[in-house]
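Undergrad: output the structure for:
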Amino acid sequence: MVKVAPSILSADFVNLERDIRSLSQTGADYVHVDVMDGIFVPNITIGIPVVEAIRRITPLPLDVHLMIDRPVRYVGAFCKAGADILTIHVEADTEENNLSALRQIRANGVKAAVSVKPNTPAEAVLPYLGLCDLILVMTVEPGFGGQRFMEDMMPKLKTISGYLAAQNPGCELEVDGGINAETGRICRENGANVLVAGSAYFKAPDPEAFVRAVKA
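TA: Sure thing, here's the model as predicted:
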């Protein structure tokens, strides 16, 4: 089953509650929440209080993507804030600390995930596979919305899909960056089953039709 996770980074922040409440009416499956600290990526977005607020206004699972330095320091707080899925970047800390973060996430009853940036090879996820409920492959450089889809990430996506089939078949495989109906189809063909869409979703004349097209 293909899932769509609209990224609220592209929502209207003046009307954030309205935009988030509307997601469940369009067939969206997750609310994708991009957390950036201005250190790991060159942008600052939202933090723990906003995640807590979002949790109160939507029944959809919160897919919280931490683009922050040394996430082990904060995973417990984001779990308590209401994350259903909590993603850390393999590049953000040492392997030891990342493993500790994933264990903390799972101990809080939250689904644990890792993400890889475009320049990070597929094999970087291998130490974490046994602790993951989701792997996120970035098809843009993390930090800003509206970037062009990097189709050259598809061999990496396919390789990771193979890892999961062999070692953790229940793990979801997510793609974030430049997703629309056409690029979503390419990602599905290479093993992805969760597609994050930001600008294309929120700028669509008919978001419900957009979700159907991405899932088709």
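
Undergrad: show me where this structure has its strands.
TA: Assigned by DSSP state E, the strands in the chain fall at 3-6, 31-36, 62-67, 85-89, 111-116, 134-138, 172-176, 194-197.

Undergrad: what about Q104, neighbour count?
TA: Counted with other CB atoms under 10 Å, residues neighbouring Q104 total 17. For every residue, glycine as well, the C-beta is placed using N, CA and C.

Undergrad: find the nearest non-adjacent residue to the residue positioned nearest the centre of the chain, please.
TA: Ranked by distance to the mean C-alpha position of the chain (CA atoms, centre = their mean), the top residue is H65 at 5.1 Å. Nearest residue to H65 in three dimensions, chain neighbours excluded: T87, at 4.7 Å (CB to CB, 6 or more residues apart in numbering).

Undergrad: tell me the contacts of that neighbour?
TA: 63-66, 113-115, 134, 136 (CB atoms under 8 Å, 6 or more residues apart in numbering).

Undergrad: output these as TSV; include the columns distance to A165.
TA: As requested, those are exported to TSV (distance: CB to CB, whole Å):
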residue	distance to A165
D63	22
V64	26
H65	24
L66	26
A113	17
V114	17
S115	19
L134	15
L136	17
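
Undergrad: around the closest residue to L60 other than its chain neighbours, how many other residues sit close by?
TA: Of all residues not flanking L60 in the chain, V31 sits nearest, at 5.0 Å (CB to CB, 6+ apart). Residues contacting V31 under the criterion other CB under 10 Å number 26.

Undergrad: can you pull the contacts of V31?
TA: Contacts of V31 by CB under 8 Å, 6+ apart are 5-6, 8, 20, 23, 54, 58, 60-63.
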